[in-house]
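J.: prediction below, plus the sequence it came from.
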Amino acid sequence: MSGTTWSKFYWSDWLSDPGLRNCSLAARGLWIEMLCIAAQSDPIGYLAIKGQSLTVHDTARMVGGSAPEVAKLIEELERNGVLSRDRNGTIYNRRLVRDAKRSREAKKNGKEGGNPSLRKQRGNPSEDNPRLKGTLKPHKPYANSQDTNSQESKKKVRGANAPPTENVVSISRYAFQGRIIRLSQAEFDRWRESYFEIKDMLAALQAADDYYFQNQPKDGKWFFPVSRWLQREHTAALEHRAKADKEELRRRGDAW
């Protein structure tokens, strides 16, 4: 797993962490440098490169300081409970490691159709069609023969001796097919991965489809409006989770 390009950073947590505030300005400066390295490491959150722990000399070389100075500042950070070490003595940041784990779990759950505990409660299969929330009901996929209303087209599809249309089981080529939105399986999977914080993608798409059916997008081009709709849902869910995480960190007194 490669390093992350961004991390959630709460300014108030940095300023209010008692262990960090008890450190000198130089130690706090070294710690932010170490966090930058750890965020790009593999695994994320550890002061390591390609799985190999950085020594004091390595760290000093990377931050542009002397080994004795860096060793003294690391000791100060450790004494105040700012940094942690694993069983091998590798320095790591608790928060970065925790966020990386949650990110992996969220992506995995998104690919498999949502939170597994919620799927189990609902009695849904692990990968397909999680139940929609609220009173929204999915529209049945249209059969290919319904793309036209002409009797001639229906005859061509059914054939002369075919049973009536209502007795034919149609297979849709779409993973989601509403009255406005139609997504192939590949498109659906890309959106579910991009907006991984949306736990029930089918419900979100259904809500968007209902809205844009009543409020037709300009020129019938629904892709970008729906994408922005999902982005707002995703952002709101991220903010909600970030707020919950922040409250949990404050409760545990483990901000950094």
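T.: Great, that's in hand. Residues are numbered from 1 along each chain as shown.

J.: and the next helix or strand past the helix or strand bottoming out on mean pLDDT in the chain?
T.: One helix or strand of the chain scores below all others by mean pLDDT, DSSP states H and E: helix 151-158, with a mean of 48. Elements were assigned by DSSP states H and E; along the chain past helix 151-158, the next helix or strand is strand 176-177.

J.: so what strands line up beside that following strand?
T.: Strand pairing for strand 176-177, determined by DSSP bridges: strand 182-183 (antiparallel).

J.: same question for the helix or strand that the strand it pairs with is followed by, mean pLDDT?
T.: Later in the chain than strand 182-183, the nearest helix or strand by DSSP H and E is helix 185-194. Summarised as a single mean, pLDDT over helix 185-194 is 87.

J.: what's helix 185-194 packed up against?
T.: helix 94-111, helix 201-214, helix 223-252 (3 or more Cβ pairs under 8 Å, 6 or more residues apart in numbering; DSSP states H and E). In this view, the C-beta of every residue, glycine as well, is placed from N, C-alpha and C.

J.: okay, angle between it and helix 201-214 too, please.
T.: 110 degrees (axes from the mean of the first three to the mean of the last three Cα atoms, to 10 degrees).

J.: which residues does helix 185-194 contact?
T.: 107, 110, 111, 174, 175, 176, 183, 198, 201, 227, 230, 234 (Cβ atoms under 8 Å, 6 or more residues apart in numbering).

J.: going by neighbour count, which of those residues comes out on top?
T.: residue 201 (24 neighbours; other Cβ atoms under 10 Å).

J.: now that residue: how far from residue 186?
T.: Residue 201 sits at a distance of 14 Å from residue 186 (criterion: Cβ to Cβ, to the nearest Å).
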